[in-house]
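Asks: kindly return the folded structure for what I paste below:
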Amino acid sequence: MPDRDLERLAKAVKARRLERYPSRREAAIAAGVSKDTFQRIEEGQPVRDVSYVKVDRALGWAPGSCDEIAQGGEPVPVQMSEDGDVMYATVPITGLTEKIERAVTDATMAVTPDLTVREIKALNSRVIEELQRQGVLPETDQ
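Replies: Alright, predicted model coming up:
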């Protein structure tokens, strides 16, 4: 995470870890990282990106939350449903629809470069509609 506020992340991770685990060791075990790696995060030192994702999961945050915190944002908490599926909390993320559309456009152009602009726009619309139908996106995105 170059050019990120790792001190901000360290404070958030430590606070959340203290809510969920009695020790750094137990948090590290839950995350599947070494105690030293967890300690490095809590001290504001950089670790591999994959370690941040593992810590996200152990702290009950959506993947990418550590990165979001280090960029000045907030984590996205997750909840488990009764059948064990992960259900993300509804958190308004400004511009999420535009970010999804950009990702769909980039992926589409990389995989199927022969699609027309009209077809790509239709695919974007369909993806957004489907995410709204599934409750992942609110009906109107900020």
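Asks: pull the contacting residues for residue 60.
Replies: Under the criterion of Cβ atoms under 8 Å, 6 or more residues apart in numbering, the contact partners of residue 60 comprise 16, 20, 77-79. All C-beta atoms are positioned from the backbone trio N, CA, C, and that covers glycine.
Asks: and which of the residues you listed is nearest to residue 43?
Replies: Each of the contacts of residue 60 was checked against residue 43 using Cβ to Cβ; the closest is residue 16, at 15.4 Å.
Asks: hey, where'd the strands end up in the protein?
Replies: Assignment of strands within the chain using DSSP state E yields the ranges 78-80, 86-88.
Asks: comparing those strands, which yields the minimum mean pLDDT?
Replies: Ranked on mean pLDDT, the bottom entry among the strands of the chain is strand 86-88, at a mean of 57.
Asks: domain parsing for this protein?
Replies: 6-88, 96-133 (automatic domain parsing).
Asks: and the first one, how far from the chain's centre?
Replies: Pointing back at domain 6-88 there. Averaging C-alpha positions (Cα atoms, centre = their mean, to the nearest Å) puts domain 6-88 11 Å from its chain's average.
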